[in-house]
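*Asks:* Sequence below, structure please.
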Amino acid sequence: MGALGFWMVSCAPSTPAYRISQRPQVFENLSGRQKGLVENGEIEKGMGKDAVLLAWGSPSSSAEGFRSGKRMERWDYAGSTPVVSNHFFGGYGYGAYGPYRYSGLGGGFGPEISYVPYRKSSVWFVGGRVDEWEKQSESSL
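*Replies:* Model prediction:
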């Protein structure tokens with residue numbers, strides 16, 4: 001049962017609508033403009049961390065530091081892009097399966113898919129509010 005529960009949680013939708021349904025009180029406390037932005041998965045300068053969590057979800061990583069003498073925090077969101085490559089594989093095999101033994105030479109040519117991580121977006125907070133943000137457009141991938 002534990003594995004099933006983990007699988008169900010790991011497959012939970014990650015949309016603004018789902019995150020809003022999980023934290024309706026946080027959503028209700030936003031201004032009308034910010035509610036509209038969050039519902040569309042968008043953020044703006046001056047938004048608090050809770051609004052960003054509703055719009056973009058939890059960050060993949062975070063960092064703290066100082067910029068222009070002010071304490072800042074950066075949240076990074078990761079993505080991955082598939083890369084397809086073709087490989088030749090082959091070799092000699094010998095083994096047994098039940099009462100049968102087999103051996104032979106085999107090979108082939110086939111695709112391999114790997115996923116390359118990249119930083120999809122970042123948001124910088126000063127005083128707990130969005131100061132700057134950047135997000136890669138889908139067309140640049």
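*Asks:* Give me the residue ranges of the chain where confidence is low.
*Replies:* Across the chain, the ranges flagged by pLDDT under 70 are 1-13, 89-108, 138-141.
*Asks:* which residues in it form helices?
*Replies:* Ranges of helices in the chain, per DSSP state H, are 2-10, 16-22, 24-28, 32-39, 49-56.
*Asks:* Ok, which of those helices comes nearest Phe109?
*Replies:* Among the helices of the chain, the nearest to Phe109 by CB to CB is helix 2-10 (33.9 Å). Every residue, glycine included, has its C-beta placed from N, CA and C.
*Asks:* Give me the neighbour count for Trp133.
*Replies:* For Trp133, the neighbour count with other CB atoms under 10 Å is 19.
*Asks:* Give me the nearest residue to it, chain neighbours excluded.
*Replies:* In this structure, Trp133 finds its nearest non-sequential neighbour in Val123, 4.3 Å apart by CB to CB, 6 or more residues apart in numbering.
*Asks:* Tell me which of the helices of the chain is the most buried.
*Replies:* Looking across the helices of the chain with neighbours counted as mean count of other CB atoms under 10 Å, the highest average goes to helix 49-56: a mean of 20.
*Asks:* contact partners of that one?
*Replies:* 16, 19-20, 23, 26-27, 30, 34, 37-38, 40-43, 47, 75, 77, 121, 123, 125, 128, 130 (CB atoms under 8 Å, 6 or more residues apart in numbering).
*Asks:* can we see that at 10 Å?
*Replies:* With CB atoms under 10 Å, 6 or more residues apart in numbering as the test, helix 49-56 has contacts from 14, 16-20, 22-23, 25-27, 29-31, 34-35, 37-44, 47-48, 58-59, 73, 75, 77, 120-121, 123, 125, 128-130, 133, 135.
*Asks:* now that helix, how far from the chain's geometric center?
*Replies:* Mean-position distance between helix 49-56 and its chain equals 14 Å (CA atoms, centre = their mean, to the nearest Å).
*Asks:* Over to stretch 24-36?
*Replies:* 24 Å.
*Asks:* again, but for stretch 18-31
*Replies:* 21 Å.
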